[in-house]
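Novice: Have a look; sequence and predicted model below, questions after that.
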Protein chains: 2
Amino acid sequence: MAVSIYEVAAEAKVSIATVSRVLSGGGGARVARATQERVLEAARRLEYHPSGVARGLARGRMNTVGLVLYYEQPSVTSDPYLGPCLDGVLAVHKRDHQNTVLFTKSSWEEALAHLPSYCNGYCDGLLLMLPRTDSAIVGELAARDLPFVLVGDSRDDPDGLLCCADVDNVAAAEAAVGHLIALGHRRIAAFCGDTVFCSSGQRLDGYRRALEAAGIPFDPSLVRPGTYFPRPGAVEADVRALWDERPESERPTAVFGFNDAIALAAADALRARGLRIPADVSLIGFDDVPAAAAADPPLTTVRQPIRAIGERAAELLLARVNGEAEPGRRALLPGEIIFRATTAPPPSRSRRL
Amino acid sequence: MAVSIYEVAAEAKVSIATVSRVLSGGGGARVARATQERVLEAARRLEYHPSGVARGLARGRMNTVGLVLYYEQPSVTSDPYLGPCLDGVLAVHKRDHQNTVLFTKSSWEEALAHLPSYCNGYCDGLLLMLPRTDSAIVGELAARDLPFVLVGDSRDDPDGLLCCADVDNVAAAEAAVGHLIALGHRRIAAFCGDTVFCSSGQRLDGYRRALEAAGIPFDPSLVRPGTYFPRPGAVEADVRALWDERPESERPTAVFGFNDAIALAAADALRARGLRIPADVSLIGFDDVPAAAAADPPLTTVRQPIRAIGERAAELLLARVNGEAEPGRRALLPGEIIFRATTAPPPSRSRRL
DNA sequence: TCGCATAGTGTAAGCGCTTACAGAAAGCGC
DNA sequence: GCGCTTTCTGTAAGCGCTTACACTATGCGA
């Protein structure tokens, strides 16, 4: 085994308590200068490094925070969210000398099943990247004493107990739709994401607010429920419903896709009908995934400050762990509209009528 | 605090030893079926989850492996190596139920300074992504009892103590240069990487071997020492030395860049001289970074199986931790030449003479 | 019926640290 | 010279587990 505190104590001819005191600062009492140096010297000579685990057990603090992921392929490279988020988290942890332990599980179910065991000792707090709301797990976790913060998930929290860091979906969606309205659009379709993600509801809220602010009546028939990872044909069906099955005067002149994949799929479906983007239909997405910039025409969309979300989440958690922040703190970061080439004023009235 | 083994023992009316036995299997003796169920039931009722730290301390095994990085910006997104590598590591750890702790430090020095403290208890083994050879740290670490494997670093190891997973630089470089030779090139320049990375020497070895295999005499004047992250102008200077300061008949007809950044920089310098690629000069790089495919013309280069390297490294380490593999095991994975548009036969003799 | 394996359980000694508490030594005022 | 701080150091009790060992019931063959 590695050298322990006992060897150092023997070498320095002091008790282990003294060694611990000089090496970890705490312990209340001060140590005489001479003893201090004797211990330091012994530790150096023996290349002693205290055991993090033993120290963690004794102190009840590991200086380690857990990051829980359930990505099927825990693919830092292929997931557009994970990478930047991890970057943000790591940057903060590096600065604050925290270690980061990655709990990666293959499935949502597995992540849920293992979650409680992370609560015990391994780490001081949890960063949860489990954006689905269809489980009571978060509630259960809140009942425990382990601090955690939700990353990219600002779900409703009536009891005010959840900490989270996320983009401000409502405001960002409102701005996106506001942009469309400012261009002159009045019939704006909303192609929603899956409601297991809280962001869908929030983006829909933003959509409604923008309409309301502009005095445009909300038309439920323009809102199409959807899935985050659109099944092939789902968006196509939405387009069919709103274009093929309606008289021209009732068709939307713009589409707000609740994520870029949806928006891009809508672009395809629209183009297949001979509609030009943005001349005939404007399009705005959400997320600003790499594909958005690469699309033809490049997609106007809302960029999430993912890295910053990771940073804020990490900071928030550390504050909670250190008892500097109360539960219920929410960090909502502004999204940013990336103006590209898929939005324009609606076709002129004269032409339409 | 969270519920401990004592509560469970009390609830089930057994000793903590029995609880431990049923919950962790070990302990030699078997537990009566009825007792077993009583304990399980109690544990469930109390939502007991054993402390990983305490267990780790007692067992001397944490089921956690450390990944040591020293990226300035620990940027999973911007570093072309880190992301895929992490993916590979995580995939293996997920499968084998290991946790991954990220030790990220800002600088090489800091990483070195902290390395020894990771040796103690925190994790069962270390994955080292510290490809620089200009430190004795790896040797020092080898003297300790903590198993580790080098990732993307297959440095010379006279004592046969180091485990590593890396691309087979020698073979890949030999293949790359062999490809150039097969096309008819005889004067092939080597634009080397920084020698703090062992890959430079290895790629140069491969270069020499390819020459040797083809019976082409080695011309040291064609070998240009370099840096991995080429300072502006460094590659330009190399091109100047080999083209501007030589008679045409002695100029290289091809360049092997030890990494894509070098190759791409060489392409620029060459083009600035009116040389066409690949008509006048062929070019092959190494790494296949995203920019290689995006370049104009797209760069022919050697792809590293980065994800696989991460996987093999993780597997190797786990084998070592479990005592299933002896030190000194090296996993050298084949690179793959990605044929794109920067290699062609050299200009015909008739035209050159 | 006794002796002996065998199964099941408890006791206690760790794992390597921290830290409350106690005790010893030294310094001080009176 | 006495009692009092003050300063330093050691003792020991944890932290929450695992596991060697001891012990008590059983069951079985003789």
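Specialist: Right, received. Where do you want to start?
Novice: Report the separation between residue A:286 and residue A:336.
Specialist: Using Cβ to Cβ, to the nearest Å, residue A:286 is found at 11 Å from residue A:336. In this view, the C-beta of every residue, glycine as well, is placed from N, C-alpha and C.
Novice: again but with residue A:252, I slipped
Specialist: To residue A:336, residue A:252 is 24 Å away according to Cβ to Cβ.
Novice: Just want to know which of these two has more residues nearby.
Specialist: A direct count of neighbours by other Cβ atoms under 10 Å in any protein chain shown for residue A:252 and residue A:336 places residue A:252 higher, at 25 against 15.
Novice: my read: the more buried one touches residue A:186, true?
Specialist: No: the criterion here is Cβ atoms under 8 Å, and residue A:252 misses it with residue A:186 at 9.2 Å.
Novice: which residue does the stretch 251-353 of chain A bring closest to DNA strand D?
Specialist: Residue nearest to DNA strand D within the stretch 251-353 of chain A (Cβ to the nearest atom of the strand): residue A:321, separated by 16.6 Å.
Novice: what pLDDT does that residue get?
Specialist: With respect to pLDDT, residue A:321 scores 93.
Novice: can you count the residues close to it?
Specialist: Residue A:321 is flanked by 20 other residues according to other Cβ under 10 Å.
Novice: same deal with residue A:244?
Specialist: For residue A:244, using other Cβ under 10 Å, the count is 9.
Novice: quick one: contacts for the residue nearest to residue A:86 when sequence neighbours are not counted?
Specialist: Closest residue to residue A:86 apart from its sequence neighbours, by Cβ to Cβ, 6 or more residues apart in numbering or on different chains: residue B:76 at 5.0 Å. Neighbouring residues of residue B:76 by Cβ atoms under 8 Å, 6 or more residues apart in numbering or on different chains: A:76, A:82, A:83, A:84, A:86, A:87, A:90, B:82, B:83, B:86.
Novice: And for residue A:284?
Specialist: A:176-177, A:179-180, A:254-257, A:263, A:299-302, A:337, A:342-343.
Novice: Dihedrals phi and psi, it?
Specialist: Here is the backbone geometry of residue A:284 (degrees, to the nearest 10): phi -140, psi 140.
Novice: quick one: it from chain B, how far?
Specialist: For residue A:284, the distance to chain B (Cβ to the nearest Cβ, to the nearest Å) stands at 24 Å.
Novice: How much space separates that residue from DNA strand C?
Specialist: Applying Cβ to the nearest atom of the strand, to the nearest Å, the value for residue A:284 to DNA strand C is 54 Å.
Novice: what do you get for residue A:38?
Specialist: 16 Å.
Novice: Closest approach to chain B from the stretch 101-250 of chain A, which residue is it?
Specialist: Closest residue of the stretch 101-250 of chain A to chain B, Cβ to the nearest Cβ: residue A:121 (3.7 Å).
Novice: What does the pLDDT read for residue A:352?
Specialist: At residue A:352, the pLDDT recorded in the model is 43.
Novice: Phi first, then psi, for the residue nearest the centre of chain A.
Specialist: Note on chain A: the residue nearest the mean C-alpha position is residue A:152, at 2.3 Å, using Cα atoms, centre = their mean. Dihedral pair for residue A:152: phi 70, psi 30, per degrees, to the nearest 10.
Novice: Can you verify my assumption that it contacts residue A:79?
Specialist: No: contact criterion Cβ under 8 Å: residue A:152 and residue A:79 do not qualify, at 11.4 Å.
Novice: still on that earlier bit, are there residues contacting both of residue A:286 and residue A:336? Which ones?
Specialist: Listed as contacting both residue A:286 and residue A:336 by Cβ under 8 Å, 6+ apart are residue A:302.
Novice: Quick check: closest non-adjacent residue to residue A:175.
Specialist: Distances taken as Cβ to Cβ, 6+ apart put residue A:337 closest to residue A:175, at 5.9 Å, once the chain neighbours are dropped.
Novice: The one you found: what's it in contact with?
Specialist: Taking Cβ under 8 Å, 6+ apart as the test, what residue A:337 contacts is A:172, A:175, A:176, A:179, A:284, A:300, A:301, A:302, A:303.
Novice: care to break chain A down by domain?
Specialist: A:5-50, A:64-167+A:306-333, A:169-304+A:338-352 (automatic domain parsing).
Novice: Sketch out the helices for chain A, chain order is fine.
Specialist: With helices called from DSSP state H, chain A shows them at A:5-12, A:16-24, A:33-46, A:52-59, A:82-95, A:108-118, A:137-143, A:169-182, A:198-213, A:234-239, A:260-272, A:290-294, A:306-321, A:349-352.
Novice: which stretches of the stretch 151-300 of chain A have low pLDDT?
Specialist: Counting by pLDDT under 70, the stretch 151-300 of chain A shows low-confidence ranges at A:227-231.
Novice: Now do the same contact list for the residue of it found nearest chain B.
Specialist: When scored by Cβ to the nearest Cβ, the stretch 151-300 of chain A has residue A:290 as its residue closest to chain B, at 10.4 Å. Applying Cβ under 8 Å, 6+ apart, we find residue A:290 in contact with residue A:80.
Novice: let's see it at 10 Å
Specialist: A:80, A:260 (Cβ atoms under 10 Å, 6 or more residues apart in numbering or on different chains).
Novice: re the thing from before, is it possible to get JSON lines of the helices of chain A that adds distance to residue B:148?
Specialist: Shown next, in JSON lines, are the helices of chain A (distance: least, Cβ to Cβ, whole Å):
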{"stretch": "helix A:5-12", "distance to residue B:148": "23"}
{"stretch": "helix A:16-24", "distance to residue B:148": "24"}
{"stretch": "helix A:33-46", "distance to residue B:148": "21"}
{"stretch": "helix A:52-59", "distance to residue B:148": "16"}
{"stretch": "helix A:82-95", "distance to residue B:148": "21"}
{"stretch": "helix A:108-118", "distance to residue B:148": "25"}
{"stretch": "helix A:137-143", "distance to residue B:148": "34"}
{"stretch": "helix A:169-182", "distance to residue B:148": "44"}
{"stretch": "helix A:198-213", "distance to residue B:148": "41"}
{"stretch": "helix A:234-239", "distance to residue B:148": "48"}
{"stretch": "helix A:260-272", "distance to residue B:148": "41"}
{"stretch": "helix A:290-294", "distance to residue B:148": "35"}
{"stretch": "helix A:306-321", "distance to residue B:148": "27"}
{"stretch": "helix A:349-352", "distance to residue B:148": "69"}
